[in-house]
Structure formats: structure tokens, C-alpha cells
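Novice: Dropping a prediction and its sequence here:
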Amino acid sequence: MKFNTKVIHGGQHHEKVTGAVMPPVFQTSTFAQVSPGQPVGEYEYSRAANPTRQALEDALASIENGARGLAFASGLAATDCLLRLFKAGDEIIAMDDLYGGTYRLFTRLYKDSGIRFHFVDMNDLEGFEKLINSNTKLVWVETPTNPLMKLADIAEIAKITKKHNVLFAVDNTFATPYLQKPLDLGADIVMHSATKYLGGHSDVIAGALVIKDKELGDELHFKQFATGGTLGPMDSFLVLRGIKTLHLRVQRHCENGVKVAEFLMNHPKVERVYYPGLENHPFHEIAKKQMIGGFGGMVTFTFKSGAKQDAISFLEKLKVFTLAESLGGVESLANHPALMTHASIPEDKRKEVGITDDLVRLSVGVEDAADLIEDLKQALG
Ligand code: P1T
């Protein structure tokens, strides 16, 4: 089945009793049993499994080409569940540019767990491989990264993780499976903030893991069941509905993303534009290799003046773009990473990776590109 068919039918079936085409929102915590331990159907308690969540999880597995999908109450709940595979003494190698909340989870919540995190440049493959030792259990990559749009070569990293028998997880939130399929490229686990492009309408907080190996998927399901960070039925319905138009939306996000990136690149007040579709992007070759069909709708840029105040004034003047955290919805959003989404990263670390005070991140939506560019023009003017 081709991807554009999968988003609508993959892992999906009509509801058994009524034939409902969309799975009903099974807003129930529990399911009746005929005798102790013998439920009427296949479900017992919604933390373990719920039919609406199951429909979403089957669709997630289908679109990412995995053996099992799991839906969580947020992207961070999904990442947290994955981290429960590891214990004191284990080491995790992560990319040096990550969503601020992921960095906070790794460095502040897990700092006393005895798990050691290394943050490295994943494009220095030799240096990265040298860090791997017998305690290394996971490699964690975001590609493209939030907010600097760095890329990591998934297939090359997978060769190394396989050689050393280390798990490899990819946060595929920015690219979406429409553009990039990490499991096909050799990764073991895909993570999503489904709050973003999968949901697509800025109306739900949700997360996902898709696992290539059925046994590992079952182990993670046990951890999800035992800790309880599951997605509710209504939110599962919303994400599933979003997935059905993922291909259409991402196509337009990509078209508008290119137009916005090119407009910014030619604007006299703009210093640098970070968009993997631009030929001068340092990782454009990797982008062409692993992002099939487009480069997404996320565009980051800095100001010639380098001034924080210019970034703030620009953000305050926007009319069509909304100044807000998050991304990946149909509407265009703008964000100041240093003051908003990445404020939890200490200032010196932010500066070290390049999250400067004049850096602005745009989530380019699916509106008419001419209106978006007009808005950027007036706000820069
Ligand atoms: O917000 P939540 O659903 O828990 O997802 C966390 C997360 C994980 N990974 C990436 C790449 C993300 O961008 C996010 C959430 N990011 C934002 C809220 C943001 O505005 O960047």
C-alpha cells in the first residue's frame, strides 16, 4: 500500500458492530467481564488498551512501517517511557540540538538516575562511534532538529548502532513519515510529538512511539501500561483524524516552507536562514537523501543586527502568524526559542549550539503563501 493510501486505510478497519467508518470515541475507562478475568470482548481496562487508542496505534505502526505503535499523553511521556528501558550505569548518546523539553527531561529529571547522557555532534560519525562503549544502550537523534534544523544521516548512524548492538531512536516530529521513514533507514524506534504534524490542528497534546521489533514493542507497551501515560480516547480520535490528511497538509507545508525560506534569504534584514531545502544549508545533501518529497514547513532565521530586540519587535508585529509555542498545525506560528521553547536550556549551552537571542523559528502553515509573505514583510519592515 502506498503512503497516501496508508494514512487513510493503513491498520484501519470499520467498527465491528455498526460498521462506523471512523472508530467511535470509546469514552470508557473499563469493560464488562462475564466471569472474573473473562472480559466480554478483547478489552479490560483503558490504561492497558482502548479500542479508539488501538485504532490510532495501528495506524501509527502502519505509516511508520513498524511492528507496534503506542500512543501517549504527550511527546515527552513517550520519551519518558522509552527511557524506562535503561538503568543506572547505562549511557545514552544524544544529538547536541534537541527540543528544550527533551533536553530538560534528559538532564534534569534523569540526572540522579545514574544514566549518563552525552550530547554530541552526530555529523562527526567517527567521534560519535568512539564514544560508544559496553555501557552505551541508546542513540537519540532529532532530525531535522528543533530549532536549528540540523540533520543527522539516519542510515549512516544506523550502520554504527547495529555494529555495536545499540538501540537507535529518531524523533521524527519535524519531518513526519510523509517525508522521512527512520525505521526503513535502519532505526529501531521512532518517536513523535503527535501534538504537531500528526494531529495537525493544534487541538491536542499527544505522543507516539513506533517500534520496529514486536518484542521490544511489547516490552514498551508493558512499561506504558505500568506507568500510565496513555492517550485518552477523544485525543486518540483527533490524532487519527489528523493523520488522514497528513500527506495533503505536509505537501502544502513544504511548498509554503520553500517560499518563506526563499523570501527570508533575500531580505536585507535577515542574516541567516536555516531550511534544509536551501542549497546553501550545510546538510542539504543529507536532506535530499533521506527526506523524500520535500523539506518540511519549519524555517528558522536570524537578524543581520544580531539584536534580540529586533526579533521581539518582529514577533510582536506579526498578524497572520501567531506568536505561540508548538508547531505543525495548519495555522502558521512563530516562536522565540531562547525565551520560549528552549528557555530550559542554560544560556551558555544555548549559545554554544547557536540558539542566539536573535533566532526566530517559524512553523509555516497551509495558508496562502502570499499572505504569509506579506505578513513577514510588514513585520520585518
Ligand atoms: O509537547 P510534547 O507533545 O510533549 O512533545 C515534546 C516534543 C518532542 N520533540 C520535539 C521535536 C518537539 O518539538 C516537542 C515539542 N515541541 C514544542 C512544544 C515546540 O514548540 O518546539
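Specialist: Structure received. Residues are numbered from 1 along each chain as shown.
Novice: which parts of the stretch 1-150 of the chain sit against the ligand?
Specialist: 74, 75, 76, 99, 101, 102, 142, 146 (Cβ under 6 Å from any ligand atom). Every residue, glycine included, has its C-beta placed from N, CA and C.
Novice: for those, which one is nearest the ligand?
Specialist: residue 75 (2.4 Å; Cβ to the nearest ligand atom).
Novice: any residue of stretch 194-213 up close to the ligand?
Specialist: Yes - judged by Cβ under 6 Å from any ligand atom, stretch 194-213 and the ligand are in contact via 195, 205, 207.
Novice: Kindly report the domain assignment for the protein.
Specialist: Domain segmentation of the chain under automatic domain parsing yields 3-243, 247-380.
Novice: Turn these into JSON lines, including mean neighbour count and mean pLDDT.
Specialist: Formatted as JSON lines, the domains of the chain follow (neighbours: other Cβ atoms under 10 Å; pLDDT from 0 to 100):
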{"stretch": "domain 3-243", "mean neighbour count": "19", "mean pLDDT": "97"}
{"stretch": "domain 247-380", "mean neighbour count": "19", "mean pLDDT": "97"}
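Novice: show me what contacts the spatially closest residue to residue 97 that is not a sequence neighbour?
Specialist: With Cβ to Cβ, 6 or more residues apart in numbering as the criterion, residue 97 has its nearest non-adjacent residue at 3.9 Å, and that residue is residue 145. Residues near residue 145 by Cβ atoms under 8 Å, 6 or more residues apart in numbering: 95, 97, 98, 151, 174.
Novice: Mind checking which of the residues you listed are in strands?
Specialist: residue 95 (DSSP state E).
Novice: Redo the contacts of residue 145 as JSON lines? Include distance to residue 34.
Specialist: Output for the contacts of residue 145, formatted as JSON lines (distance: Cβ to Cβ, whole Å):
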{"residue": "95", "distance to residue 34": "51"}
{"residue": "97", "distance to residue 34": "54"}
{"residue": "98", "distance to residue 34": "49"}
{"residue": "151", "distance to residue 34": "54"}
{"residue": "174", "distance to residue 34": "47"}
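Novice: Return the member of the contacts of residue 145 nearest to the ligand.
Specialist: For the contacts of residue 145, the nearest to the ligand is residue 174 (6.0 Å; Cβ to the nearest ligand atom).
Novice: wait, that closest one sits on residue 296?
Specialist: Yes - Residue 174 is within contact range of residue 296, at 5.9 Å (criterion: Cβ atoms under 8 Å).
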